[in-house]
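> I'd like to go over a predicted model; first the sequence, then the structure.
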Amino acid sequence: MNSLLLLQALVAAGAGLLLNLTPCVLPAVPLKVRAVLREAGERRIVRLASAALFTAGSVLFFGGLGLATALLQWRWGVLFQSQPLLIALSALLAALAVLNFSGRSLPLPNALVTLRGRHLFEPFFSGLVSALLSTPCTGPLLGGVLVFAVTQPLANILVIFVAIGLGLAAPYVVLILRPSLLKRLPRAGAWTTVIQQSFGWLLLAAALFYAQSVLPAVWIAPLWIALLVAVLGWAVVTLWRATERSARTAALFVGATAAALGYFGSGLSQSAETAIAWQPLHAADVAALPTLGRPALVEFTADWCINCKVLEKTTYEDKTVVAALKRAGAVALRVDLTRPNPVLEHLLALHGGVGLPFAIVLDQKGREVQTLSGLFTSATLVQALDKTLNQENSP
């Protein structure tokens, strides 16, 4: 392995590690926590096997994704443009939520149960699904890693993608191997049952999030409202029945978090100072970008991109961003990549985009001023928009 590839592999492992900190991996948290807690009381040899299997699941997925990237020129996140995958993933997450509420393990054939197959299968399954759930969005460092990877031969691409899988799995492998690190957490009690049940609601929310890409639009809002009401109802009942202060605190925390997410997700927090008048950018409009005669902010997003939704409810709703758009006289254009679109995907690739979220700031002549990848701050976007003011008189 040459020094450049080794360096990129280390950066890729770091990018995989940092991917754990992005909102996109939230649906995988219950699976990872379950994998860690399930092994906490086991013998060292069992924990070692579980850690290896969890890592194998993550590496197998990323190895396959790297192979598809090399041979089929897949973009990061392209799997989620498949409706059958979204339907299957939503059904899987809903089933896992039901199992979580019931406290049951994954159902396996009797032969595997007899051979202690559950102890072998569950950590591998958790690593595999957790890796899948991490790939709709890019995170810190990952964009640069992917830009480098797609220019490399097959063997190098596989090394880089495997490194991402290793980095993603690393924190949970450490916790599986060293459960003593969990002793710093408060002692288990009634509150842990409340948190475990709340993971079921998180899995249901993830199932609905991915399902909304394939469901009729008129169903989406009622389903989210029904889920929010169900979570708040559960929190109230749990709060009422709880006899320990820790359990009541946990229920109150979960309920308050759900209420806050519902409030911000509903758009009720928006005002004229924080609302951007987005216009859809269709494939037929791409050729007209250089003739707009004004700067443009082009956002690439998708219904299945959690990080995109976070940006749209934070950075893009910051009043300083709205003010910068008005100051620059810029138009806000939104590119929807929920479904495959070769023209729009080519526009993304033309500006160096390898995944979502991604944004481009263009000047009045359609020239690229700056690109922004992954999660970025409002200050970064304001700075990019202000650059267009300095280029108004440039040739």
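Yep, it's here. Numbering: from 1, shown residues only.

> the helices in the stretch 251-395 of the chain, which residues?
Along the stretch 251-395 of the chain, counting by DSSP state H, counting those that start in this stretch, helices occupy 306-313, 319-328, 342-350, 378-390.

> nearest residue to C24 other than its sequence neighbours?
Spatial nearest neighbour of C24, chain neighbours left out: C137 (3.9 Å); criterion: C-beta to C-beta, 6 or more residues apart in numbering. To be clear about C-beta, it is placed using only N, CA and C from the backbone, and glycine gets the same treatment.

> the one you found reaches A302, doesn't it?
No. Applying C-beta atoms under 8 Å as the test, C137 and A302 come out as separate, 9.2 Å apart.

> my guess is G165 contacts F61. True?
Yes. If you go by C-beta under 8 Å, G165 and F61 touch, sitting 6.6 Å apart.

> overlap in contacts of these two?
Jointly contacting G165 and F61 under the rule C-beta atoms under 8 Å, 6 or more residues apart in numbering are A131.

> comparing those two, which residue is more hemmed in?
Just comparing G165 and F61: by other C-beta atoms under 10 Å the higher neighbour count belongs to G165, 28 against 23.

> check the gap between that one and G16 for me.
Distance, G165 to G16, using C-beta to C-beta, to the nearest Å: 6 Å.

> picking that back up, confirm that the residue nearest to C24 sits in a helix.
No. Judged by DSSP: H, G, I helix; E, B strand; the rest coil, C137 forms no part of a helix; its state is coil.

> circling back to that earlier point, hey, what's in contact with both of C137 and A302?
77, 308, 356.

> touching, L18 and V145? I think so.
No. L18 is not in contact with V145 according to C-beta under 8 Å; the separation is 10.6 Å.

> so those two - more neighbours on which side?
Per other C-beta under 10 Å, whichever of L18 and V145 has more neighbours is V145, with 23 against 16.

> didn't the more buried one look like it was pressed against I157?
No. V145 lies out of contact with I157 (C-beta under 8 Å); the separation is 10.8 Å.

> now P30: closest residue in space that isn't a chain neighbour?
Spatial nearest neighbour of P30, chain neighbours left out: F199 (3.6 Å); criterion: C-beta to C-beta, 6+ apart.

> distance check, that neighbour against V382.
Remark: distance between F199 and V382 (C-beta to C-beta) = 37 Å.

> now do S266
Distance, S266 to V382, using C-beta to C-beta: 26 Å.

> quick one: pLDDT of the residue nearest to G293 when sequence neighbours are not counted?
Leaving aside its sequence neighbours, G293 sits nearest to Q364 (C-beta to C-beta, 6+ apart; 5.8 Å). Note for Q364: predicted pLDDT of 92.

> again with L79
L79 carries a pLDDT value of 87.

> what's the neighbour count on it?
With other C-beta under 10 Å as criterion, L79 counts 17.

> just A296 next, same as before
22.

> that one against A288, yeah?
No. Look at A296 against A288 with C-beta under 8 Å: they stay out of range, at 10.6 Å.

> the closest residue in space to L356 that isn't next to it in sequence and C24, how far apart?
Counting by C-beta to C-beta, 6+ apart, L356 lies nearest to C305, which is 4.5 Å off, once chain neighbours are set aside. Noted for C305: a distance of 8 Å to C24, by C-beta to C-beta.

> got it, and V231?
Counting by C-beta to C-beta, the gap from V231 to C24 is 21 Å.

> looking at the two, which has the bigger crowd around it?
Between V231 and C24, counted using other C-beta under 10 Å, C24 has the larger neighbour count: 28 against 23.

> I'd like the distance between that one and L18.
Distance from C24 to L18, by C-beta to C-beta: 11 Å.

> common neighbours of the two, please.
Common contact partners of C24 and L18 (C-beta under 8 Å, 6+ apart): G139.

> of S266 and V382, give the one with the bigger neighbour count.
V382 (20 against 13).

> which one of C137 and A302 is surrounded by more residues?
C137 (29 against 21).

> where in the stretch 51-200 of the chain is pLDDT low?
Residues of the stretch 51-200 of the chain that meet the criterion pLDDT under 70 lie in 103-120, 182-189.

> output stretch 199-210 as PDB, nothing but the C-alphas.
Extracted in PDB, the C-alpha atoms of stretch 199-210 (Å, rounded to 0.1, in the frame of the first residue of the first chain):
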ATOM      1  CA  PHE A 199     -35.900   3.600  20.900                       C
ATOM      2  CA  GLY A 200     -38.900   1.800  19.500                       C
ATOM      3  CA  TRP A 201     -40.500   5.200  18.700                       C
ATOM      4  CA  LEU A 202     -37.200   6.300  17.100                       C
ATOM      5  CA  LEU A 203     -37.300   3.200  14.900                       C
ATOM      6  CA  LEU A 204     -40.900   3.900  13.900                       C
ATOM      7  CA  ALA A 205     -40.000   7.500  13.100                       C
ATOM      8  CA  ALA A 206     -37.200   6.200  10.900                       C
ATOM      9  CA  ALA A 207     -39.600   3.800   9.200                       C
ATOM     10  CA  LEU A 208     -42.000   6.600   8.400                       C
ATOM     11  CA  PHE A 209     -39.200   8.900   7.300                       C
ATOM     12  CA  TYR A 210     -38.000   6.500   4.600                       C
END
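
> and the strands in this structure?
Per DSSP state E, the chain carries strands over the ranges 279-280, 296-301, 331-336, 358-362, 368-373.

> what's the first one packed up against?
So that's strand 279-280. Contacts defined by 3 or more C-beta pairs under 8 Å, 6 or more residues apart in numbering; DSSP states H and E place strand 279-280 against strand 331-336.

> what's in contact with the strand it packs on?
276-281, 285, 292, 294-303, 325, 344, 347-348.
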